[in-house]
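J.: This is the structure alone, sequence omitted:
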């Protein structure tokens, strides 16, 4: 009696609006709780996970929950800006959108009519690449690409060329059946919620996790076994595992014969220009030897039983199968554990033990699902057999100059086990799998006043597909798809500014960028890039004449723009997470999603995609105007609803208009499509039939379903490519065959690195610096609570990572006499930094590392000038250069993978020495003027009563 009545479950909100998170690339579903504020407007009060969403099932990480602080960040840009001070100073004046759009039009219109290639349009982590590339293609410039070129193109390209997809957005482990899970180079920021949920599943079942990473944090910290490998040697370690499996005979011969090019015959006549290419019939189909008839037969012939051990004699030459070549290479003693152990930093006994564990699980614990299916040759199978070993990998093995071949090696390892698209192994997410031949090839033909002749990016099949002009010089400013990096499927964003500054291969007029913080953490050679952006010629004009930049926040790059087009936050915009781009599919279903304005902007900002719709109409770009010249799409939502990439296929696959009503996949325009997504929680899902769940590249049930929903226009089964023939075509050119020839100085490199079977070579920096002078490997890694640069201005997330130390292993810590609170001078062949250090025992003994993107430049992100991010926080980027150090041959080689051009961030070598503690981490740069001022000391507000 007399006790107060307490509401123990108060209402969190007045309304819940469901949309898609943007705090990392997981694209989780979120419930945004709204409350009515004092002014009667509904505002964001709380964010939690959407329990019905296929990606996260209600799970939400610290980043996702902190989205409320991202939406309310003091660093948000407030209006269009025109530069009034020197570049880099941050001095701007606010202007109207009419003036901003007129300036952009005045700059771009003459380029389109006379020289479209003088526009370089590059976008960062925007998740709308199908739309931004559509705009650039209609403008007519060949100079377009996005974030992947310095992030993960090695992983993506290696996977697509090998098996039609890769890890992360292309596929996932079979979490319900795998019994051994092995991760390589995986940090905590990518795909974090699905991986955490999956790890919880498999550990609950007692499955084993092996982590291969020089750094033991995050997922590696909870692994049952940790392999603290030497950076850049993962490929050698993987090929040693292959060596052991081949020696033991623990490979899936039936799987290899049926579903891969292992039985395809390779031309063995060294005198022919086809030497090393596949034997083919008159229809250009690769040939195998049928075990029953002993005759050469197309690989897809109904009833064929390909012979892995076949040889074929013709005109005095023996032609052998891919399997012959593969076994001969990897059974060589140079791949034996004892031969590679010292280089990898992994004991030979441990390599042998891990190989034995993989073999045991794959072959002694094989699983079988009672589900009939029919393969592409018409053979009926009563069950689905699986090898329950699965792998996952990311930037840690990709961001090396040998990353493409390392990723290839890992994919080949999976395939040899028969653990791709089988129960317990790796599974593709629709619209994958798609072989490299199903993707477009890159296009580069420029015609003033006209669109480009096709898509910018793609997958080359040989020298004829390179993006070269008639005189053999690069057609693109980033030199993508050239002899220097022929298979650069995502472009080379890290080379754009330095090439534009050098006028190599030509000068540009306007650099147009979106959400790409190239003046800070997204650049190698950060200081040098800032100098390039501000450099002037003899007449006092900027070498890069004009820079247009769009961002939602006052990043470091904003200060270097001449015109700033302010973007919205992710809660104020329409977005399309499309099957044409980077969908939210899971292995058992196709899925896509939207974002929509759960709140309206309180600033004079516009969604960047809306700006492109407007700008496209002003420039009269085909695809953005109607026949009468009027604007075709009023805004991005209008584009999402009405655009069709081909008949019946649009940006969104859900709730399209069919002949008898709404349908999924193929269909006509539905005016209420976005409303349907909103009503369903922001996403659409179409589940794969049970019969099509596994063996997707060869399963007729999956192939027919994929055609039905518009992923393919016709069934397209294919073989996994253990031997990648396009690589051999480039080697043949380097050997002197064909009309298109590489420059002489690149011939030996092409022959050595573009091998059609995976190889390992030392990271290129090892051959350009003295390993005794710079004996220590240095890496960056993104923390689970941050994502790229924008997370570390977030008021909640800053409390987790306000600054970053350089972590040193025990032997380096003790050898140099470090103690808690000490600082170190870290020197590379390119630069020097002075930074705080910390001790970490669970670290490769010759490697140092730090969190990336914590360090900020003073004046950026609305942070206080004395914020720890700007005084103790730092970047390793100051030690890295986009070019390798001079080698004395008169050339400057790109610090990139020679196959794809991916930035080799993780090849860095340094030396460490103890240093007196400075007032601030070095280098120190002149503060920028903040166009949005400084944020308050505390962010505090109350919504509702």
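T.: Here it is on my side, so go on. No experiment lies behind these values; they were computed from the predicted model shown.
J.: CA atoms for contacts and neighbours, from now on please.
T.: Fine.
J.: Compute the distance from the centre of the top helix by length along the chain to the centre of its chain.
T.: Ranked by residue count, the top helix of the chain under DSSP state H comes out as helix 97-114. Centroid separation between helix 97-114 and its chain, computed with C-alpha atoms, centre = their mean, to the nearest Å, is 31 Å.
J.: Who are the packing partners of that helix?
T.: Helices and strands touching helix 97-114, by 3 or more C-alpha pairs under 8 Å, 6 or more residues apart in numbering; DSSP states H and E, are strand 563-566, helix 608-618.
J.: Which parts of the stretch 151-300 of the chain are strands?
T.: Listed in chain order, the strands of the stretch 151-300 of the chain (DSSP state E, counting those that start in this stretch) span residues 171-173, 180-184, 208-212, 225-227, 265-266, 287-289, 296-298.
J.: looking at those strands, which is buried most?
T.: For those, ranked by mean neighbour count under the definition mean count of other C-alpha atoms under 10 Å, the leader is strand 265-266 at a mean of 30.
J.: for this protein, what are the low-confidence residue spans?
T.: Judged by pLDDT under 70, the chain has its weakly predicted residues at 1, 126-127, 945.
J.: tell me the centre residue of it?
T.: Centrality entry for the chain: nearest residue to the mean C-alpha point is residue 152, 3.8 Å, by C-alpha atoms, centre = their mean.
J.: I figured that residue hits residue 396, correct?
T.: No: with contact taken as C-alpha atoms under 8 Å, residue 152 and residue 396 are classed as non-touching, separated by 9.4 Å.
J.: before we move on, the earlier item: C-terminal to the longest helix of the chain, which secondary structure element comes first?
T.: If you walk from helix 97-114 toward the C-terminus, the next helix or strand you reach (DSSP states H and E) is strand 119-123.
J.: and the very next helix or strand once past that following strand, what other elements does it pack with?
T.: Later in the chain than strand 119-123, the nearest helix or strand by DSSP H and E is helix 129-139. The contact analysis (3+ C-alpha pairs under 8 Å, 6+ apart) places helix 129-139 against strand 144-145, helix 608-618.
J.: before we move on, back to that, ok, now which ones touch the residue nearest to the centre of the chain?
T.: By C-alpha atoms under 8 Å, 6 or more residues apart in numbering, residue 152 lies in contact with 394, 395, 398, 399, 902.
J.: now, which of those residues lie within strands?
T.: Of these, none are assigned to strands by DSSP state E.
J.: For stretch 729-747, buried residues please.
T.: For stretch 729-747, the buried set under the neighbour-count rule, 16 or more other C-alpha atoms under 10 Å, comprises 729, 730, 731, 732, 733, 734, 735, 740, 741, 742, 747.
J.: again with stretch 710-718
T.: Along stretch 710-718, these residues count as buried under the neighbour rule (16+ other C-alpha under 10 Å): 710, 711, 712, 715, 716, 717, 718.
J.: Pick out whichever of these sits closest to residue 215.
T.: Of all these, residue 215 sits closest to residue 718, with 37.7 Å by C-alpha to C-alpha.
J.: any idea how far residue 805 is from that closest one?
T.: With distances taken as C-alpha to C-alpha, to the nearest Å, residue 718 is found 48 Å from residue 805.
J.: try residue 759
T.: Counting by C-alpha to C-alpha, the gap from residue 759 to residue 805 is 35 Å.
J.: can you list the domain ranges for the protein.
T.: Domain ranges of the chain: 16-71+572-604+644-687, 81-155+437-566, 171-428, 770-883+908-915, per automatic domain parsing.
J.: Start and end of the longest one, how far apart?
T.: Between the start and the finish of domain 171-428 there is a gap of 4 Å, counting by C-alpha to C-alpha.
J.: All further residue positions should be reported with the first residue as 45.
T.: Shifting the count to begin at 45 puts that one at domain 215-472.
J.: which residues touch the spatially closest residue to residue 551 that is not a sequence neighbour?
T.: With sequence-adjacent residues excluded and distances taken as C-alpha to C-alpha, 6 or more residues apart in numbering, residue 551 is closest to residue 544, at 5.9 Å. The contact partners of residue 544, by C-alpha under 8 Å, 6+ apart, come to 521, 550, 551, 552, 588.
J.: how about residue 544, secondary structure?
T.: With DSSP: H, G, I helix; E, B strand; the rest coil as the basis, residue 544 sits in helix.
J.: Count the residues that sit near the nearest residue to residue 988 once chain neighbours are set aside.
T.: Spatially, and ignoring its direct neighbours in sequence, residue 988 is nearest to residue 81 (4.9 Å; C-alpha to C-alpha, 6+ apart). Under the neighbour criterion other C-alpha atoms under 10 Å, residue 81 is assigned a count of 15.
J.: Taking the contacts of residue 544, tell me the two that lie furthest apart.
T.: Using C-alpha to C-alpha, these reach their maximum pairwise distance at 521 and 588, which is 12.5 Å.
J.: immediately after the helix or strand harbouring residue 571, which helix or strand?
T.: Per DSSP H and E, residue 571 falls inside helix 570-578. Scanning forward in sequence from helix 570-578, with DSSP H and E defining helices and strands, the next element found is strand 590-595.
J.: ok so residue 368 is a helix residue?
T.: Yes: counting by three-state DSSP, residue 368 is found in a helix.
J.: re the thing from before, deepest of the helices and strands packed on helix 173-183, which one?
T.: Of all the helices and strands packed on helix 173-183, strand 188-189 carries the top mean neighbour count, a mean of 28, counting by mean count of other C-alpha under 10 Å.
J.: Against which helices or strands is that strand packed?
T.: Identification of packing neighbours for strand 188-189 by 3+ C-alpha pairs under 8 Å, 6+ apart yields strand 163-167, helix 173-183.
J.: Out of those, which is the most enclosed?
T.: Counting by mean count of other C-alpha under 10 Å, strand 163-167 has the highest mean neighbour count of those, with a mean of 25.
J.: now that strand and helix 141-158, what's the angle there?
T.: Orientation of strand 163-167 against helix 141-158 (axes from the mean of the first three to the mean of the last three C-alpha atoms, to 10 degrees) gives an angle of 120 degrees.
J.: one step back: quick one, which of the helices and strands packed on strand 188-189 gets closest to residue 984.
T.: strand 163-167 (33.5 Å).
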